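A.B. asks: let's see this in three dimensions:
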Amino acid sequence: MWVEAIQLRHRGRKLPQQSLEDMVPLRGRLWVTVLRLHPDGGRPLTASLLGIRGTDQLVFRQLDDARVKVRDGQIMVLGWEDHGDGRKSVRPVPQVWWCDPIREPYDATEAVAKARFPPTRGRARREAEKRNAQPGTVPA
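C.D. replies: Numbering: from 1, shown residues only. This next block holds a predicted model:
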């Protein structure tokens with residue numbers, strides 16, 4: 001899913017409100033993956049914000065043990081970023097992304113992919129209302 005996103009923390013610390021309001025959101029593809037089943041029965045998620053299809057661009061660092069919350073059409077992704085030097089020195093810090101879904105396709109590849117899927121209920125309802133509102137049509 002294409003989103004415009006900002007990071008709400010810097011090196012694990014919350015950013016001030018004024019700083020958040022001045023930020024310009026970055027566009028990317030929100031990609032959430034379910035990892036293998038843990039011995040304790042949990043299924044951890046990872047979240048990534050990727051660039052245009054066909055590239056290996058990573059907009060933000062990957063979040064481990066991610067949680068996704070949706071409220072009023074906005075998406076909050078909470079998780080842990082690794083700020084360590086490599087595999088031997090892992091230093092996870094908390095991070096939160098605020099994401100606003102982009103309703104229109106961002107590139108031609110995305111437009112083709114979206115054309116294959118049926119319309120959402122909301123879009124189907126709006127299209128039906130337009131058809132019914134046109135003069136000369138009989139309401140169903």
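A.B. asks: neighbours around Ala66, how many?
C.D. replies: Burial of Ala66, expressed as a neighbour count using other Cβ atoms under 10 Å, amounts to 20. Any C-beta I mention is one placed from the backbone N, CA and C, and that applies to glycine too.
A.B. asks: ditto for Gly28
C.D. replies: Gly28 has 24 neighbours, counted by other Cβ under 10 Å.
A.B. asks: likewise Leu58?
C.D. replies: Look at Leu58: counted by other Cβ under 10 Å, it has 13 neighbours.
A.B. asks: for this structure, name the helix or strand with the lowest mean pLDDT.
C.D. replies: Among the secondary structure pieces of the chain, namely its helices and strands, helix 108-115 has the lowest mean (mean pLDDT, DSSP states H and E), a mean of 58.
A.B. asks: what bridges to the residue positioned nearest the centre of the chain?
C.D. replies: Residue closest to the mean C-alpha point of the chain, counted by Cα atoms, centre = their mean, is Leu30 at 3.4 Å. Applying DSSP bridges to Leu30 gives these bridge partners: Leu49.
A.B. asks: Asp82 touches Lys88, doesn't it?
C.D. replies: No - with contact defined as Cβ atoms under 8 Å, Asp82 does not count as touching Lys88 (11.8 Å).
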